[in-house]
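[1] sequence-free structure coming up:
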């Protein structure tokens, strides 16, 4: 059929025979893509009198927005907190490999490290679009070093710092530059945190609370100053107590400023959080759930010893501990595993599980106008999944960047 | 008039779709030889559209050489509003079939000069060689398209203010809020539809029964504009049992008795999948 496209000559692809996630539910609709963006076919039909150049049969697959991982420390032997000469190629390797897990955008995460590491590595993290080369990089997630010594988890104590002296200037001096930073995790009980949170929020950086012994009012104050995220809920924070719920209490706090939502990261690998706790959080505040992997260098590798920043960790199945201890340190679960586990543990709908890994992280970072949904004019980053939410193919900007072959690789 | 009475809404919709299919296939449209189809909106034709989409998906029917002309469109409603007739036609029909956008004609309710838009629509119909088959519905007040009671029976495409009956009937598509329902529409005239070579009216549901009675058992009257088709040489009314509730038993029995004959219009059911050899045999639809 000849197309008379008045707006653009670029080829139009129509993905048919699929169920796509749009408007909070799975609909039997076709997905139209042009120039890397999702196209409105009704507008194309009536305004441009256009039609598809190529039709692709999705064979009944689910089409979901690509997953966005806002906390991933490395994988496949690469550690984002380790300053090596081939750091850049390490990032490239991970960004390429996670395509098979359904991740189309991510925030490389650096754990608590000495300032030299930030100064050396941050400039090498390029915020860039994804493609055949790998998932898109949204910016770095700096988890530390302004955290609580009592809740350091696997972070090295000697690198933990405070900004009590010079407030925001201390933070700036530690990181070097704020250019490529998307998220900062800090402990709000540190003096002058309000000022720091405000300065970061002013610059469009998402502030997350974690590795902290803050009580609920300290956490609420942090939110009032701009914090919008909680790093791996339940882990590395005070446990929920009925007279002081601590950071966990933010999920149902009534002191959240109007129009704002607090999101919380959840490592739903079945280990970091008991399924019952996962369900409590989900039921208390379903719209805030953000699935993260918190994956470490050992993800994708065989069991054994690997590094995580300045530490050595040991992998045994899905469990990762600081070598010689029982302290959990990151995970080796993949994003699609987390989505499936979340679905199974909470009994939620497929739509809800998919949104926790796509829409919610996009909303957290304020980019839902172009990522995290299959709405018209959004970036065409999407996945083909089977009914049990195994990734069959990954697309970025409308191009296929990964496909499961017959061997299930 | 042929009055086709089917037991249920689903059966009536299917009969109508089969009839349209046979007409298009028998016409044998091709490059330079388009089948012009007039189309309605509303809940009544939904079942018929679903069947037509099914026939396309099975490969039995193609709309590649079909030109369509819709009956009406609201004035002032944005084209991408979910309740606009453009949206209705896209979601319920066009997006599922192989029709070309340049062969689709729907009045533009946001045109700068509404009457000029209506005149241009009439010209487009003329340029396409007139309409082969105009499919329509009937309002509870007996109107065809938006030709409300009192419309001239020789009217042409024009702007109409909607009657209260129609606004009330449409409120359910606008969250039940009367203030949100458009009050004006562009519509083909009664005369425009009368010009078509054949007219098919779909009428289903008990709430349409009185309108059907007025349209076919009483006289031609501008208060019940569908009655104008009593003076058209080729009209088919397709209805379900519920729509016949206000008709005389005699009328219903007579036309039910004729179903044996009328069913020859849809049996055998032709398909565009047939081979060249079969196609060379002329298929003349039964006509009385």
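    Yes, it's here. If you're wondering where the values come from, they're calculated on a predicted model, not measured in any experiment.
[2] The nearest residue to residue A:249 once chain neighbours are set aside: how many residues sit nearby?
    Of all residues not flanking residue A:249 in the chain, residue A:216 sits nearest, at 4.2 Å (CB to CB, 6 or more residues apart in numbering or on different chains). (Each C-beta comes from the backbone N, C-alpha and C, glycine too.) Counted by other CB atoms under 10 Å in any protein chain shown, the residues lying close to residue A:216 total 20.
[3] likewise the one 4 residues further on?
    Each residue near residue A:220 was counted by other CB under 10 Å, and the total is 22.
[4] do the same with residue A:7
    One way to gauge burial is a neighbour count; for residue A:7, by other CB under 10 Å, it gives 13.
[5] residues in contact with it?
    Applying CB atoms under 8 Å, 6 or more residues apart in numbering or on different chains, one finds that residue A:7 lies in contact with A:47, A:48.
[6] again, 10 Å this time
    A:34, A:35, A:39, A:43, A:44, A:47, A:48, A:50 (CB atoms under 10 Å, 6 or more residues apart in numbering or on different chains).
[7] Same check on residue B:255?
    Applying CB under 10 Å, 6+ apart, one finds that residue B:255 lies in contact with B:1, B:2, B:3, B:4, B:5, B:216, B:237, B:239, B:244, B:247, B:262.
[8] Tell me the spatial nearest neighbour of the first one, not counting adjacent residues.
    Which is residue B:1. Taking CB to CB, 6+ apart as the measure, residue B:1 lies nearest to residue B:235, with 4.8 Å between them; neighbours along the chain are not counted.
[9] Read off the pLDDT value for that neighbour.
    For residue B:235, the model assigns a pLDDT of 97.
[10] Please apply the same query to residue A:329.
    Residue A:329 is assigned a pLDDT of 72 by the prediction.
[11] give me the low-pLDDT residue ranges for the chain?
    Going with chain A. Applying pLDDT under 70 to chain A picks out residues A:1-6, A:308, A:406-409.
[12] switch to chain B, that's the one I care about
    Scanning chain B for pLDDT under 70 picks out B:275-288.
[13] Most proximal residue of it with respect to chain A?
    With distances taken as CB to the nearest CB, chain B approaches chain A most closely at residue B:101, which sits 3.8 Å away.
[14] who in the stretch 101-250 of chain B is up against chain A?
    Proximity of the stretch 101-250 of chain B to chain A, by CB under 10 Å from any CB of the partner chain, involves residues B:101, B:102, B:103, B:104, B:106, B:108.
[15] out of these, which are buried?
    Restricting those to buried positions leaves B:101, B:103, B:104, B:106, B:108, with burial counted as 16 or more other CB atoms under 10 Å in any protein chain shown.
[16] Report the beta-bridge partners for residue A:31.
    Here residue A:31 sits in beta bridges with residue A:15, going by DSSP bridges.
[17] and it, what does it touch?
    Taking CB under 10 Å, 6+ apart as the criterion, residue A:31 is in contact with A:13-16, A:18, A:20, A:22, A:38-39, A:41, A:56, A:58, A:63, A:374, A:380, A:382, A:395, A:398.
[18] picking up where we left off before, closest to residue A:295 among the buried ones among the residues of the stretch 101-250 of chain B next to chain A?
    residue B:101 (47.1 Å; CB to CB).
[19] which one's the longest strand in chain A?
    In chain A, with assignment by DSSP state E, the single longest strand is strand A:103-111.
[20] distance between it and the chain's centre?
    6 Å (CA atoms, centre = their mean, to the nearest Å).
[21] Sheet-wise, list the partners of it with their directions.
    Paired strands of strand A:103-111, with direction, are strand A:67-72 (parallel), strand A:136-137 (parallel), strand A:140-143 (parallel) (DSSP bridges).
[22] picking that back up, any idea what the residue nearest to residue B:1 is bridged to?
    According to DSSP bridges, residue B:199 are recorded as the beta-bridge partners of residue B:235.
[23] Now do the contacts for it.
    B:1-3, B:134, B:194, B:196, B:198-201, B:216, B:226, B:228-229.
[24] Just the buried subset of those residues, please.
    So, by 16+ other CB under 10 Å, the buried ones in the contacts of residue B:235 are B:2-3, B:134, B:194, B:196, B:198-201, B:216, B:226, B:228-229.
[25] nearest spatial neighbour of whatever residue of chain A ends up closest to chain B, skipping sequence neighbours?
    Minimum separation of chain A from chain B (CB to the nearest CB) falls at residue A:49, amounting to 3.8 Å. Setting aside the residues directly before and after it, residue A:49 is nearest to residue B:101 in space (CB to CB, 6+ apart), at 3.8 Å.
[26] what do you get for residue A:260?
    Sequence neighbours aside, residue A:228 is the residue nearest to residue A:260 in space, at 6.8 Å (criterion: CB to CB, 6+ apart).
[27] ok so, going back, just checking, the residue of chain B closest to chain A touches residue A:44?
    Yes. The pair residue B:101 and residue A:44 passes the contact test of CB atoms under 10 Å, sitting 8.2 Å apart.
[28] so where do the strands sit in the stretch 301-409 of chain A?
    Under the criterion DSSP state E, counting those that start in this stretch, the stretch 301-409 of chain A contains strands at A:304-308, A:311-316, A:319-322, A:382-385, A:391-396, A:399-403.
[29] mind putting these in TSV, distance to chain B and mean neighbour count included?
    What follows is the strands of the stretch 301-409 of chain A, written out as TSV (distance: least, CB to the nearest CB, whole Å; neighbours: other CB atoms under 10 Å in any protein chain shown):
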stretch	distance to chain B	mean neighbour count
strand A:304-308	51	18
strand A:311-316	50	18
strand A:319-322	49	20
strand A:382-385	19	26
strand A:391-396	21	23
strand A:399-403	24	17
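[30] can you put the ones you listed in CSV and add distance to residue B:69?
    Formatted as CSV, those follow (distance: least, CB to CB, whole Å):
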stretch, distance to residue B:69
strand A:304-308, 68
strand A:311-316, 68
strand A:319-322, 67
strand A:382-385, 37
strand A:391-396, 39
strand A:399-403, 40
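[31] Okay, and the nearest residue to residue B:6 once chain neighbours are set aside sits in which element?
    The shortest distance from residue B:6 to any non-neighbouring residue, by CB to CB, 6+ apart, is to residue B:12 (4.1 Å). For residue B:12, the enclosing helix or strand under DSSP states H and E is helix B:9-27.
[32] from the middle of its chain, how far away would that helix be?
    Chain-centre distance of helix B:9-27: 12 Å, with CA atoms, centre = their mean.
[33] So which bits of that helix are buried?
    Of the residues in helix B:9-27, B:9, B:11-25, B:27 count as buried by neighbour count, 16+ other CB under 10 Å.
[34] can you pull the contacts of residue A:184?
    A:140-144, A:146, A:171, A:175, A:178, A:196-197, A:200-201, A:205-208, A:227, A:229, A:231.
[35] Can you tell me which of the contacts of residue A:7 is closest to residue A:288?
    The nearest member of the contacts of residue A:7 to residue A:288, counting by CB to CB, is residue A:39 at 31.2 Å.
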